[in-house]
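1. pasting the sequence and the predicted coordinates here, then a few questions.
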Amino acid sequence: MNIHSSSPVRPALKSGKRYSAVAIALHWVSALLVISMIPMGWWMVRAINKPDTQQLAYQLFQVHKSIGFAILALTLLRVVWRLTHPIPALPAGMKGWERILARATHIAFYGLLLAIPLTGWVYVSAGWAVSTDRPLMVATSWFGLFTIPDLPRLESMRTLAFGAMGAHAYMAYGGALLIGLHLVAALKHHVIDRDGVLAQMLPFLRGRGHEDHHAPVGKALLPRSAGIAFVLLIGLVGCWLHLPGPRTEPAPMAAEAAAPAAIPLSAVAAAMPATDANATAWTIDKAASGITFSGSHAGKPFSGRFDEWTGDIRFDPTNLAGSKAIIIVNTISAKTGDATQESSLKNGEWFNAARFPEARFETKSFKSLGGDRYEAAGSLTIKKTTVPVTLPFIYSLQGDKAQVEGNVELERAALDLGMFSDPAAEWVSKAIEVKIGVTATRK
């Protein structure tokens, strides 16, 4: 039986003896992607909660999502191509039940190739991890090239996440079953029936020709309905079986909603009030300066930087009382080299960069620790949270050029960063180290 066949051929489309080159290419690319997803999905859901495999599983999850969206796009393209181009007809010698099963399987394949990625999209948009029954908001970056937005208004929907994952898993099992049936049918046509059906999709094979058979329109409704019913049934069963019970641990408060677009850093800098300090003013050399951060994610060290920031620095070791500094950081400019991490950092539970585009560090006082070592006491504001921060640093001066190097550890919990989905630091380390390196010239 030929599961590539479909319901009635339109009068305007003339059937050929084999599939077109485009149809063959789309079929085999989709097949390779789908087959790669099965072992990947099976392994990563078991490895994600084990410390020694957590980082690899996290990376595979991102690849899995990217391939899923690729399959969704290819399937939509295949549907359009199928509706506008003819396909080979079924052999006239096929029994009635074989033709029904072939067409039903074909429709079910298309349905699953659309529904499985869509339920996965719903799951990641719901922002809830089924494996740990806790909130988890991770952005989706398509192979690190661009961010795919979550479906709107689904955040923190626990029941939806469980139902979507159940449907996703059961339909994946259904797809594996159809793949097996597909392979058995193809071999039967090639080895037993020898009717040339497999050669329609494998150009290098040569098969015996066969008489064509086109099903009347009325008879095509049954396999079409059966294929759709198969997809709906296993999806609904999977959803129903995975609906969660009551949650004993209260969910943390949802992250703050996003608001208007971020304010340009130039506008923030222009609005920054002039300090009343009377110490020496400095002009920052941005090319030779930087603000970096580091920690661990899924047991693996990571590091990042802020590409956009500005500052007003007035500092003189002989006039510490008149010294002051204000640093404004554009949080949306955070870069780690991992597109998924970078997209996640912009979200509401982290920097919420759309609503709070800048972080602000302002000194209150300076103290000498002896030699070239100093200490700046001040406050750091991220989103709506302000915490006291003491920044030790080394100051060196050569002529009119000064260099400052300092570092401080910041607690995520104190700054309300990632506390919606990772309050226990199971993914991201509790403390984040921030290093500041500034080269400046005396004004």
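-> Yes, it's here.
2. just the pLDDT for Ile328.
-> On pLDDT, Ile328 comes in at 96.
3. what does the one 10 residues further on give?
-> Per-residue confidence for Asp338 comes out at a pLDDT of 89.
4. kindly state the domain boundaries assigned to the chain.
-> As given by automatic domain parsing, the domain ranges for the chain are 21-241, 265-442.
5. what average pLDDT does the first one get?
-> Model confidence over domain 21-241 averages 86 on the pLDDT scale.
6. start and end of that domain, how far apart?
-> End-to-end distance for domain 21-241, by C-alpha to C-alpha, to the nearest Å: 42 Å.
7. ok so, going back, just put the domains of the chain in JSON lines and tack on mean neighbour count and distance to Arg247.
-> All C-beta atoms are positioned from the backbone trio N, CA, C, and that covers glycine. Output for the domains of the chain, formatted as JSON lines (neighbours: other C-beta atoms under 10 Å; distance: least, C-beta to C-beta, whole Å):
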{"stretch": "domain 21-241", "mean neighbour count": "17", "distance to Arg247": "7"}
{"stretch": "domain 265-442", "mean neighbour count": "17", "distance to Arg247": "15"}
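8. excluding chain neighbours, what is closest to the residue nearest in space to the middle of the chain?
-> Nearest to the geometric centre of the chain sits Thr140, at 1.5 Å (C-alpha atoms, centre = their mean). Closest residue to Thr140 apart from its sequence neighbours, by C-beta to C-beta, 6 or more residues apart in numbering: Ile148 at 4.5 Å.
9. and that neighbour, what does it touch?
-> Ile148 makes contact with 65, 69, 140-142, according to C-beta atoms under 8 Å, 6 or more residues apart in numbering.
10. quick check: it vs His85, distance?
-> Ile148 is 29 Å from His85, where distance means C-beta to C-beta, to the nearest Å.
11. check Arg103 too.
-> Distance of Arg103 to His85, computed by C-beta to C-beta: 17 Å.
12. so Pro317 lies in a strand, does it not?
-> No: with DSSP: H, G, I helix; E, B strand; the rest coil as the criterion, Pro317 is assigned coil and is not in a strand.
13. just checking, it touches Tyr395?
-> Yes: taking contacts as C-beta atoms under 8 Å, Pro317 lies within contact range of Tyr395: 6.8 Å.
14. list residues touching both of the two?
-> By C-beta under 8 Å, 6+ apart, Pro317 and Tyr395 have these common neighbours: Tyr374.
15. and the helices in this structure?
-> For the chain, applying DSSP state H gives helices covering 21-47, 54-84, 96-126, 158-187, 217-241, 265-271, 339-345, 412-415.
16. contacts for the fifth one next, please.
-> Residues external to helix 217-241 that are found in contact with it (C-beta under 8 Å, 6+ apart): 7-8, 99-112, 115, 119, 163-164, 166-171, 173-174.
17. where does pLDDT dip in the stretch 251-400 of the chain?
-> Low-confidence segments of the stretch 251-400 of the chain (pLDDT under 70): 251-277.
18. where do the strands sit along it?
-> 281-284, 290-297, 300-306, 309-314, 324-330, 334-335, 358-370, 373-382, 385-398 (DSSP state E, counting those that start in this stretch).
19. those strands: which one's closest to Ala431?
-> strand 290-297 (7.0 Å; C-beta to C-beta).
20. show me what that closest one is packed up against.
-> Here strand 290-297 touches strand 300-306, strand 431-442, going by 3 or more C-beta pairs under 8 Å, 6 or more residues apart in numbering; DSSP states H and E.
21. let's see that with 10 Å instead.
-> helix 54-84, strand 300-306, strand 309-314, strand 334-335, strand 401-411, strand 431-442 (3 or more C-beta pairs under 10 Å, 6 or more residues apart in numbering; DSSP states H and E).
22. that strand vs strand 300-306, what angle?
-> On the basis of axes from the mean of the first three to the mean of the last three C-alpha atoms, to 10 degrees, strand 290-297 is oriented at 160 degrees to strand 300-306.
23. wouldn't Lys383 be in contact with Ala359 here?
-> Yes: shown here, Lys383 and Ala359 form a contact pair, counting by C-beta atoms under 10 Å, at 8.3 Å.
24. one step back: out of the strands of the stretch 251-400 of the chain, which gets nearest to Pro244?
-> When those are compared by C-beta to C-beta, strand 290-297 sits nearest Pro244, at 26.9 Å.
25. chain center to that closest one: distance?
-> 21 Å (C-alpha atoms, centre = their mean, to the nearest Å).
26. contact partners for the residue lying farthest from the centre of the chain?
-> Residue farthest from the centre of the chain, counting by C-alpha atoms, centre = their mean, is Thr318 at 51.4 Å. Counting by C-beta atoms under 10 Å, 6 or more residues apart in numbering, Thr318 makes contact with 279-280.
27. of the helices of the chain, which is nearest Arg305?
-> helix 339-345 (10.9 Å).
28. what's the closest one packed up against?
-> Looks like helix 339-345 contacts helix 54-84, strand 140-142, strand 146-148, strand 300-306, strand 334-335 (3+ C-beta pairs under 10 Å, 6+ apart).
29. minimum distance to Gly180: which of the ones you listed has it?
-> Evaluated over the helices and strands packed on helix 339-345, closeness to Gly180 peaks at helix 54-84, with 18.6 Å, by C-beta to C-beta.
30. follow-up on the earlier one: dump the strands of the stretch 251-400 of the chain to CSV, plus distance to Ile35.
-> Converted to CSV, the strands of the stretch 251-400 of the chain look like this (distance: least, C-beta to C-beta, whole Å):
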stretch, distance to Ile35
strand 281-284, 54
strand 290-297, 30
strand 300-306, 29
strand 309-314, 47
strand 324-330, 44
strand 334-335, 35
strand 358-370, 46
strand 373-382, 45
strand 385-398, 48
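31. distance of Val79 relative to Ala186?
-> Distance from Val79 to Ala186, by C-beta to C-beta: 22 Å.
32. quick one on the thing from earlier: want to throw the helices of the chain into a markdown table with distance to Glu433?
-> Listed next are these as a markdown table, based on distance: least, C-beta to C-beta, whole Å:
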| stretch | distance to Glu433 |
| --- | --- |
| helix 21-47 | 28 |
| helix 54-84 | 19 |
| helix 96-126 | 30 |
| helix 158-187 | 33 |
| helix 217-241 | 44 |
| helix 265-271 | 23 |
| helix 339-345 | 16 |
| helix 412-415 | 12 |
